[in-house]
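Trainee: Okay, here's the prediction I keep looking at, along with the sequence it came from:
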Amino acid sequence: RMVIEEFMTGREVSVLSFVDGKTIKTMTSAQDHKRAGDGDTGLNTGGMGTFSPSPFYTEEVDEFCKKYIYQATVDAMAAEGREFKGIIFFGLMLTQKGPRVLEYNARFGDPEAQVVLPRMKNDLIEVMEACIDGKLDQVDLGEGEGASSYAKHYLMISGEENTLMWDSIYESASQAAKDADAYLELIEPGHDSNYNQADYLRIGIASQVDGIILEADGSDEEQELIQEASDADIPVVTVLTDDSSSARISFVGLNSYQLGNAYTEQILGLLKEHENTQVLLLANSQSKTQETNLIYYQIKKELEKKKKDYQTVTISEYNIDSSSGFDTEEFVRDIFVSEENLPDVLVCMDEVVTECVYQALVDYNQVGNVDVVGFYYSDVILDGISKGIISSAIALDMDEIGRYSVNALEEFSSLGHTSNYYSVG
């Protein structure tokens with residue numbers, strides 16, 4: 001026997017769809033990079049990467065496929081007694097004679113799903129349940145190219161990994177973005193990742209996102225990248241820690257003057273009456289910026305001004321050179337192991353340091369020997385305050401930070417300008 005197949009040429013496009021047995025709803029199109037080498041060179045592969053939507057999948061192509069391919073496929077299976085519920089992957093070739101089906105798959109495509117699913121507005125579980133229950137006709141995935149995607153794509157680069165503080169910021173910002181028809185992508189630095197914050201900034205710029213939110217680290221490299229983003233019409237908003245000398249469009253948080261005063265008020269109540277008080281200001285190196293140095297300066301200035309004449313204060317500062325929470329724990333542990341260097345007041349400048357200090361106080365039986373001023377009200381820190389282990393903590397409204405950061409991007413997008421500084425409580 002001899003099988004003769006038609007030789008087809010054209011662009012390959014993938015369209016994923018949901019099916020409940022009768023109704024079919026398609027997601028946005030995707031197209032993969034076939035060639036192995038850069039510049040569309042080398043051997044043909046199953047896909048070296050993918051992007052969505054495909055610029056070749058036009059409204060005319062979509063209308064043709066819906067009429068002659070998508071619904072026709074579902075109806076034919078039902079007519080043959082093989083009603084299908086689930087995912088149908090349509091592998092199409094856009095030939096000169098029109099769209100042709102190359103293949104069907106009963107699954108999400110790899111790597112197409114990686115670019116298609118993030119563009120969905122719908123809750124994936126709700127859509128799947130509608131497929132099972134035969135109620136897909138009640139689900140609106142939108143019509144045509146881009147209808148199931150968000151109008152804008154924002155990127156948030158967190159300053160720390162897996163902290164409740166950043167979870168709270170992202171949750172609020174994500175809701176604000178959704179209300180503005182924007183998708184907010186969160187990138188969290190991992191201990192085992194080879195990428196740093198600068199790398200993620202480069203990825204955001206190369207991806208041409210519509211805006212970036214990050215905690216500034218004050219480095220020259222970051223300033224250059226923020227300028228590069230600005231030149232590419234990508235606005236950058238800094239949160240928590242600012243870099244006012246960068247090209248960022250806005251800062252959301254408390255400025256160095258306000259934070260310095262807030263810390264000072266807490267420290268004043270812990271000073272000894274007629275003895276010298278040793279105060280250590282402790283932070284992670286990743287938060288050491290010009291703004292952080294200004295906070296140190298403001299604390300020193302205000303303490304000297306507001307302390308009583310018979311009180312003396314020795315203030316020192318240390319930034320832990322760490323790239324992981326374990327390094328922070330180790331450094332804090334060493335402080336308490338060496339009791340001769342134990343300060344009277346330990347001021348923690350971020351959430352990670354505060355929680356490490358709290359644990360070390362308990363582990364090394366130093367509760368009551370050191371007064372601690374913490375940062376942020378996580379459940380762990382609140383527990384430390386309620387037990388009298390942590391004296392007090394500086395807390396910002398993280399919901400406001402998340403919401404205002406997106407508001408700044410939205411205002412800049414619509415008006416071309418925004419407030420230089422959003423103060424939060």
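Mentor: Everything's here; your move.
Trainee: what packs against the regular element (helix or strand) spanning Glu265?
Mentor: Remark: Glu265 resides in helix 256-268, with elements defined by DSSP states H and E. Helix 256-268 is packed against helix 290-306, strand 345-348, strand 371-375, strand 392-394, with contacts defined by 3 or more Cβ pairs under 8 Å, 6 or more residues apart in numbering; DSSP states H and E. All C-beta atoms are positioned from the backbone trio N, CA, C, and that covers glycine.
Trainee: and Arg100, what are its phi and psi?
Mentor: For Arg100, the backbone dihedrals (degrees, to the nearest 10) come out as phi -130, psi 150.
Trainee: Neighbours of it, how many?
Mentor: Arg100: 14 surrounding residues under other Cβ atoms under 10 Å.
Trainee: so Lys25 touches Gln138, yeah?
Mentor: No. Using Cβ atoms under 8 Å as the test, Lys25 is too far from Gln138 to be in contact (10.5 Å).
Trainee: which one of these two has more residues nearby?
Mentor: Lys25 (21 against 10).
Trainee: which stretches of the stretch 1-150 of the chain have low pLDDT?
Mentor: Along the stretch 1-150 of the chain, the parts satisfying pLDDT under 70 run over 40, 142-149.
Trainee: try it again with 80
Mentor: 33-42, 44-49, 110, 118-121, 141-150 (pLDDT under 80).
Trainee: swap in the stretch 251-400 of the chain?
Mentor: In the stretch 251-400 of the chain (pLDDT under 80), the answer is 284-292, 320-327, 338-341, 376-378.
Trainee: Would you list the phi and psi of His46?
Mentor: His isn't right for residue 46; it's Gly. phi -80, psi -10.
Trainee: What about it, how many residues nearby?
Mentor: Counted with other Cβ under 10 Å, Gly46 comes out at 8.
Trainee: ditto for Asn276
Mentor: Look at Asn276: counted by other Cβ under 10 Å, it has 11 neighbours.
Trainee: contacting residues for the nearest residue to it once chain neighbours are set aside?
Mentor: Excluding its sequence neighbours, the residue lying closest to Asn276 (Cβ to Cβ, 6 or more residues apart in numbering) is Thr312, at 4.4 Å. Neighbouring residues of Thr312 by Cβ atoms under 8 Å, 6 or more residues apart in numbering: Glu275, Asn276, Thr277.
Trainee: What about those, which are in helices?
Mentor: Under the assignment DSSP state H, the contacts of Thr312 contribute nothing to helices.
Trainee: Out of those residues, which sit inside strands?
Mentor: Among the contacts of Thr312, DSSP state E puts Asn276, Thr277 in strands.
Trainee: which one among the contacts of Thr312 gets closest to Lys34?
Mentor: Each of those was checked against Lys34 using Cβ to Cβ; the closest is Thr277, at 68.2 Å.
Trainee: Just to check, that closest one is in contact with Ser316?
Mentor: No. With contact defined as Cβ under 8 Å, Thr277 does not reach Ser316; the gap is 11.7 Å.
Trainee: So the two - more neighbours on which side?
Mentor: Higher neighbour count among Thr277 and Ser316: Thr277, with 20 against 12, using other Cβ under 10 Å.
Trainee: Is the more buried one bridged to anything, and to what?
Mentor: Note on Thr277: beta-bridge partners by DSSP bridges are Val313.
Trainee: Would you state the helices of this protein in chain order?
Mentor: Under DSSP H, the chain gives helices at 59-65, 71-79, 112-116, 124-133, 164-179, 197-206, 220-231, 256-268, 290-306, 325-337, 351-363, 379-386, 398-415.
Trainee: in stretch 118-131, what's buried?
Mentor: Arg119, Met120, Asn122, Val127, Met128, Ala130, Cys131 (16 or more other Cβ atoms under 10 Å).
Trainee: want to try CSV for these, with distance to Asp350 as columns?
Mentor: Formatted as CSV, the buried residues of stretch 118-131 follow (distance: Cβ to Cβ, whole Å):
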residue, distance to Asp350
Arg119, 34
Met120, 35
Asn122, 37
Val127, 40
Met128, 40
Ala130, 44
Cys131, 45
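Trainee: for those residues, which one is nearest Asp231?
Mentor: Closest to Asp231, out of all of the buried residues of stretch 118-131 and judged by Cβ to Cβ, is Arg119, at 26.7 Å.
Trainee: and Met156, what does it touch?
Mentor: So Met156 contacts Ile169, Tyr170, Ala173, Leu184, Glu185, Leu186, Ile187, Ile212, Ile213, Leu214, Ser405 (Cβ under 8 Å, 6+ apart).
Trainee: Next, count neighbours for the fifth one.
Mentor: Right, Glu185. 16.
Trainee: Just the closest of the buried residues of stretch 118-131 to Gly46, please.
Mentor: Arg119 (22.0 Å).
Trainee: from memory that closest one sits against Tyr183, does it?
Mentor: Yes. Between Arg119 and Tyr183 there is a contact at 7.3 Å, judged by Cβ under 8 Å.
Trainee: Fine by me, thanks again.
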